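Peer 1: I'll drop the sequence and a predicted model, then ask my questions.
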Amino acid sequence: MPSKKSSKPAASSVAKRIRAEASSIRTKILQRKTPSMKFPVRSLSNVIYRPKKGHFEIKGRKKERTLTVGTVKTFAQTLRMMAFSKELVETDDIATKREAYYVSKNWDDARFNEQPESDTVIDDVEALFGVNREQLGFIPEEKGGDVAGQLVVIDHDRETGESLRIDCTRFGSGAYSIPISVEQLKFETSAEFILAIETAGMFQRLVKHAYWRSANCILISLGGVPTRACRRFIRRLADDHHLPVYVFVDGDPYGYSNIYRTLKAGSGNAAHLNEFFCVPQARFLGVTPDDIEEYDLPTHPLKDVDVKRAKDALKNDPFIQHHRLWQEALQKQIRMGVRVEQQALAKHGLNFVIDEYLPRKMANKKAFLP
Amino acid sequence: MAARQREISVSEFFTKNRHLLGFDSPTKALLTTIKEAVDNSLDACEEAGILPSLEIAIQPVAESRFRVEVRDNGPGIVRAQIPKIFGKLLYGSKFHRLRQSRGQQGIGISAAGMYGQLTTGKPIVIESRTSRRKPAHRYELVIDTLRNQPVIKKDLEVEWDTAHGTRVTIELEGTYKKGRHGVETYLRQTALANPHVEIHFQGPGEEDVLVFRRASVHLPTEALEIQPHPYGVEVGLLLRMLKETQARRLNTFLQTEFSRIGPTLAQRIVDGAELQPKSSPKRITAEGAEKLVASIRQVRIPAPPTNCLSPIGEDRLLASLKEQIEADFYAAVSRSPAVYRGNPFQVEVALAYGGEQPADNLISLYRFANRVPLLYQQGGCALFKSVLSTNWKAYGLQQSRGALPSGPMILMAHVASVWVPFTSESKEAVAGYDEIIREMKLALQELGRKLSQHVKRAQRRRDADRKRAYIEQYIPHIGIALQDILGLSKKQEAEIVDTLTATLARSRKM
């Protein structure tokens, strides 16, 4: 298990708050009352879109988990997870979510059968205390994203504390990996914009042909729905250097309402943290439904889940509901009944995307979707 | 020649009709012998108003040869009655005197005696005492196949320790088996359907001992004889009655030989048949009889009286099941009497559910006709079919298509009637008359509703227990977690677990 020196000021306060919660539960029990815990509802139905701030904000709705027959197992698991978190924080240790899942295997009947169950409980505890899971000692095991281009990341050596300058132009055909925690990073750059890309394939092509040099930009591969670390990295970089962020994903409802929307406004699941883990300055470059016609791209029929996702976004996503242009785009897509992949641009030649598509798009930034 | 003819007729009748009389296999022969002796004893005791106590013994004599003894505390048999009882084989049954009795079940103890005589050559032995003032006698008798008469070979005075009673001893070839068709099953079911009976049984093995105590001290209500109801009569039967009647005129015949016919109805029937009321019954032709039957069907005749029936009764069914079967739940339903083809009948059902009975097997169905267990031909029996076609899933039991339901349950189905319609002469399965099936299904549905209340209640209780177990499984973890977080002592942790367990136990609304 990797360990790190934690200098988070919140650490001791998190331990205190866990104590306070446990103490109030104990009091309730000794008063012969059934204890309960109040969790913010973690879903899109409990967020409101703040266009001025550019991200989802949590509404006050909470669900109360009272100790009953139906909840006793989760209740016990939540408390044990809190105890584990307190131990992590106090010993200045960390555990990945998967490690936490394996630790629970020592808990007899209270153990988790599958990791999604323990992830949910960790997310609950995080929301309960309104903190970032790293502050509870939990870290995600998924990678943050890859970076290449006109950027120097300034990190420090864990052993010596010495400053490290990481030049993202010098990874050749490889890339710099965004670490799990990005708060300590500093940046130097002369780039004009950040281009966030959904697929590793498209990222590779742009890296290979050093698009970042010709366009003077920073390329970041999202690898699907961007992780919190990835979103935070982009946000800090863009804020520090006043860079615009352009997003280039597959032309399907998942790319629009999951990848792009989560990057820009945050998620419903960890709404209390969206303030930090969102990139309000992001703009949508492509691939748009209009592009399909304009560039005569080869398509695939929309699957039932795609249509459902699009309709669901139109009905329930406060971000989509705020932006008429996005509603029109989704409705158009449903009407067309097709989706398109980034790499479909290769139909017009492998480097069509570099030579034609991106330059033409960049020439008309006003047309980017909000 | 004539004598020779008669000699053959008796033994041939028997050998050729073994299967009809219940002697088609060694196992069944042993069962039937006991059955006939028990039927006789019970009928005799009940007629004399005595609560029956039976002692039954099967002693092995040689390989596949047994001595069967059935002793009762009945009124005893006087010498004069012996031919009547043991010569039944060749007498016609009293077909137009209708009364609910066990005697319908077989051709009688005489058949058993003859079977013993044919297979072992031994006489049937009857010891009997009729009164404290008279000595007990021991009769040994054989059936004279020449004259179709029982012949008393020996008549000795013997010691007898009670005031009255009879012991019948028959030696015969047979096989003693346990299981569904065995003697023990028969006795167990007999005791169930006859809670007023006490039975002590000693089988061929030392450990084959069964005792069934009396579950009720009330004799069954005496079943009265009735005359046949006109709706049940057929041309052949009618012709025979016309020939045998004492009545001189047709309208008198109708009024005296049938139930529910008065002068007005008799007149209407005769008019409908275009016959003369004053005609002599003996002169009515087959054609006339046919017209009479047709005319009877056209006339509205009241249902037959039902005091000829003697059901077991719900209370006694319950008492009987509770005496014999360890179970969690008992229920019984007796329907009101109904009529099929002019014959009054009544159905009863009862069940014992739960306890130690195996839950995964099919239920055990016990069928009875006039209190006698039916052990064979279940598949062809209307009682079985009624159980099959009842939707037991609605009452909380599992049931596969075309099968008995499964569950920890014994189900009794009884039909009592002055004339139980059997599918064949072997009298092992009840024929499927619509009226009987309908009554049986209504009874089963009523019983099922009672069952489902219990099953659902038990289900709720089980759910509650499971919930409690579930809660108790996780409460310790709440204790552990709070101990970890708050650094509590063992004692403080235990206090949390105990208090919380008590709180949740109290708050459960069940």
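Peer 2: Great, that's in hand.
Peer 1: now stretch A:121-128: mean pLDDT?
Peer 2: On average, the pLDDT along stretch A:121-128 is 91.
Peer 1: Ok, stretch B:63-83 next?
Peer 2: 88.
Peer 1: chain center to it, what's the gap?
Peer 2: 21 Å (CA atoms, centre = their mean, to the nearest Å).
Peer 1: which bits of the stretch 101-250 of chain A sit near chain B?
Peer 2: A:107-110 (CB under 8 Å from any CB of the partner chain). Where C-beta positions appear, they are placed from N, C-alpha and C, glycine not excepted.
Peer 1: If we use 10 Å, what do you get?
Peer 2: A:107-111 (CB under 10 Å from any CB of the partner chain).
Peer 1: Top of these by number of neighbours, please.
Peer 2: When neighbours are counted as other CB atoms under 10 Å in any protein chain shown, the busiest of these turns out to be A:Ala110, with 24 neighbours.
Peer 1: pretty sure that residue is touching A:Leu79, no?
Peer 2: Yes. Between A:Ala110 and A:Leu79 there is a contact under CB atoms under 10 Å: 8.9 Å.
Peer 1: thinking again about what came up before, just the closest of the residues of the stretch 101-250 of chain A next to chain B to B:Leu141, please.
Peer 2: A:Asp109 (77.3 Å; CB to CB).
Peer 1: can you pull the contacts of that closest one?
Peer 2: A:Asp109 makes contacts with A:73, A:76-77, B:470, B:473-474, B:476-477, as judged by CB atoms under 10 Å, 6 or more residues apart in numbering or on different chains.
Peer 1: That one looks like it's in a helix, true?
Peer 2: Yes. According to DSSP: H, G, I helix; E, B strand; the rest coil, A:Asp109 belongs to a helix.
Peer 1: picking that back up, which neighbours do A:Ala110 and A:Leu79 share?
Peer 2: Common neighbours of A:Ala110 and A:Leu79 (CB under 10 Å, 6+ apart) are B:474, B:477-478, B:480-481.
Peer 1: give me the subset of those residues touching chain A.
Peer 2: Answer for these near chain A (CB under 10 Å from any CB): B:474, B:477-478, B:480-481.
Peer 1: Name the SS class of the closest residue to chain B within the stretch 151-300 of chain A, please.
Peer 2: Closest approach between the stretch 151-300 of chain A and chain B, counting by CB to the nearest CB: A:His272, at 22.0 Å. Put simply, A:His272 is helix when judged by three-state DSSP.
Peer 1: State the pLDDT value of it.
Peer 2: For A:His272, pLDDT reads 83.
Peer 1: Return the residues in contact with it.
Peer 2: So A:His272 contacts A:40, A:42, A:47, A:56-58, A:126-132, A:266 (CB under 10 Å, 6+ apart).
Peer 1: try B:Thr27
Peer 2: B:174-177, B:179, B:181-183.
Peer 1: Now with 8 Å, please.
Peer 2: B:174-177, B:181-182 (CB atoms under 8 Å, 6 or more residues apart in numbering or on different chains).
Peer 1: Around B:Thr119, count how many other residues there are.
Peer 2: 17.
Peer 1: What is the subsequent helix or strand relative to the helix or strand harbouring it?
Peer 2: Under DSSP states H and E, the secondary-structure element containing B:Thr119 is helix B:109-120. Helices and strands here follow DSSP H and E; after helix B:109-120, the next one along the chain is strand B:124-129.
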